[in-house]
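K.L.:
Sequence first, predicted coordinates after that:
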Amino acid sequence: MAEPLVLLPGLMCDARLWSHPFLALNDMRAIMIAPLTGATSVGALAQAVLDVAPRRFALAGHALGGVVAMEMLSRAPDRVARIALLDTSPLAETPQDAAAREPRIIGAQNGRLDDVLREEIPSAALAPGPGRVEVGQAVLDMGRSLGAETFVAQSRAMQRRPDQQKTLRDCRVPALVLCGAHDSVFPVRRHETMAELIPGAVLKVIEDAGHLPPLEQPDATTEALREWLAAPLVLR
């Protein structure tokens, strides 16, 4: 039987981010969508998922979920059969970017969560077109469900995230690096560099998508994941 698939949502996203891949792929394998809540560090979030994950699994993470996925690969490389990193970064946060999060953290604590969510994933980070409004609303809906406390905790985790470039250089499992062409949170060039770090990685840039390809272009995103899951486990 195919290895189980563990999906990790991005910052202030929940299982709804992965609804299309989940429905399309769960006929062939068990799928677990792990929440990234209850901790303020990437290490603690990664360990919490490892504690409940299958013995060996395929792993896909978006944004914060990608950061946590890289930490899981670093901690338990023997358990990760393959890895997909979507709209994320292997770099530690710069002091400037970490400082820029503080006003949003304060805003969330002071009851302005909707405004903060719009700043965190601005409409300019999504592909232009009629779907932008719907995706923006989905971001608000997921963020409201998770609440301000989760926003603060996840923001702290992102501020303190470790550099994972060595983890990617040491990766020896099938890897997919995927992003939306219009992503301004983690631009395409960042993903090109990330793919160059991973031996044998496949880079997929989804046109007409920005920071949230699973919502903006669900068919294309799911097809890329399907191809990644079908790739041989032994790298050539």
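P.N.:
Yep, that arrived.

K.L.:
What helices and strands are in contact with the helix or strand containing Lys166?
P.N.:
For Lys166, the host element (DSSP states H and E) is helix 165-169. With contacts taken as 3 or more CB pairs under 8 Å, 6 or more residues apart in numbering; DSSP states H and E, helix 165-169 sits against helix 64-75, helix 188-197. All C-beta spots, glycine's among them, are computed from the backbone N, C-alpha and C.

K.L.:
and the longest helix along the chain, average pLDDT?
P.N.:
Criterion DSSP state H: the longest helix present in the chain is helix 131-159. Averaging pLDDT along helix 131-159 yields 97.

K.L.:
Can you give the distance from it to the centre of its chain?
P.N.:
13 Å (CA atoms, centre = their mean, to the nearest Å).

K.L.:
Name the residues of it that come out as buried.
P.N.:
For helix 131-159, the neighbour count (16 or more other CB atoms under 10 Å) marks 132, 135-136, 138-139, 142-143, 146, 148, 150-159 as buried.

K.L.:
now that helix against helix 64-75, angle please.
P.N.:
40 degrees (axes from the mean of the first three to the mean of the last three CA atoms, to 10 degrees).

K.L.:
can you tell which of the helices and strands packed on helix 165-169 is closest to Ala24?
P.N.:
helix 64-75 (18.4 Å; CB to CB).

K.L.:
Name the next helix or strand downstream of that closest one, please.
P.N.:
Following helix 64-75 toward the C-terminus (DSSP H and E): strand 80-86.

K.L.:
What's the first helix or strand after that following strand?
P.N.:
Heading C-terminal from strand 80-86 (DSSP H and E), you reach helix 95-109.

K.L.:
For the helix or strand that comes right after that next one, buried residues please.
P.N.:
Sequence-wise, the next helix or strand downstream of helix 95-109 (DSSP H and E) is helix 113-120. Buried residues in helix 113-120, counted by 16+ other CB under 10 Å: Leu113, Val116, Leu117, Glu120.

K.L.:
Which strands and helices lie in contact with helix 113-120?
P.N.:
Counting by 3+ CB pairs under 8 Å, 6+ apart, helix 113-120 packs on helix 95-109, helix 131-159.
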